[in-house]
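> here you go, sequence then predicted model.
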Amino acid sequence: MHYLRARAPPNEALSSRIKEVHMASHKYKVGQNVRYRPTRSALVGAQECKIIRQLPVEDGIHLYRVKCFTENVERVVKEGELAPAHLK
């Protein structure tokens, strides 16, 4: 017995994939300097950091691994907690 699968026309499938890729793109690039402004902790003020790695999107939120210049650790931060380094 043979089963036929319904397929989206090639143009629709490609258009859908392009939208997924566009939505999943990160705003900041690896190696870029950014200003980290935590939203939850009053103990850590705004700091200059470097993007170490772009992490997978979780629940629609872009995540990054960053290394702040004044600390000896890396941390995972949300894109909304970052700003370009030249904006204070």
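Yep, that arrived. Residues are numbered from 1 along each chain as shown.
> which helices and strands does the helix or strand hosting Leu63 pack with?
Element membership for Leu63 (DSSP states H and E) is strand 61-68. For strand 61-68, the contact count by 3 or more CB pairs under 8 Å, 6 or more residues apart in numbering; DSSP states H and E identifies strand 33-36, strand 47-58, strand 74-78 as packing neighbours. To be clear about C-beta, it is placed using only N, CA and C from the backbone, and glycine gets the same treatment.
> flag every buried residue along the first one.
In this case it means strand 33-36. By neighbour count on 16 or more other CB atoms under 10 Å, the buried set for strand 33-36 is Val34, Arg35, Tyr36.
> what pairs with it, parallel or antiparallel?
With DSSP bridges as the test, strand 33-36 is paired with strand 47-58 (antiparallel), strand 82-84 (antiparallel).
> and those strands as TSV, adding mean neighbour count and distance to Val73?
Shown next, in TSV, are the strands paired with strand 33-36 (neighbours: other CB atoms under 10 Å; distance: least, CB to CB, whole Å):
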stretch	mean neighbour count	distance to Val73
strand 47-58	15	11
strand 82-84	15	17
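> looking at these, spot the one closest to Glu74.
Closest of these to Glu74 is strand 47-58, at 5.9 Å (criterion: CB to CB).
> tilt between the closest one and strand 74-78?
Here strand 47-58 runs at an angle of 60 degrees relative to strand 74-78 (axes from the mean of the first three to the mean of the last three CA atoms, to 10 degrees).
> about what we covered before: what's the closest of the buried residues of strand 33-36 to Arg53?
Closest approach to Arg53 among the buried residues of strand 33-36 (CB to CB): Val34, at 13.0 Å.
> which residue is the nearest non-sequential neighbour of the closest one?
Leu82 (4.6 Å; CB to CB, 6 or more residues apart in numbering).
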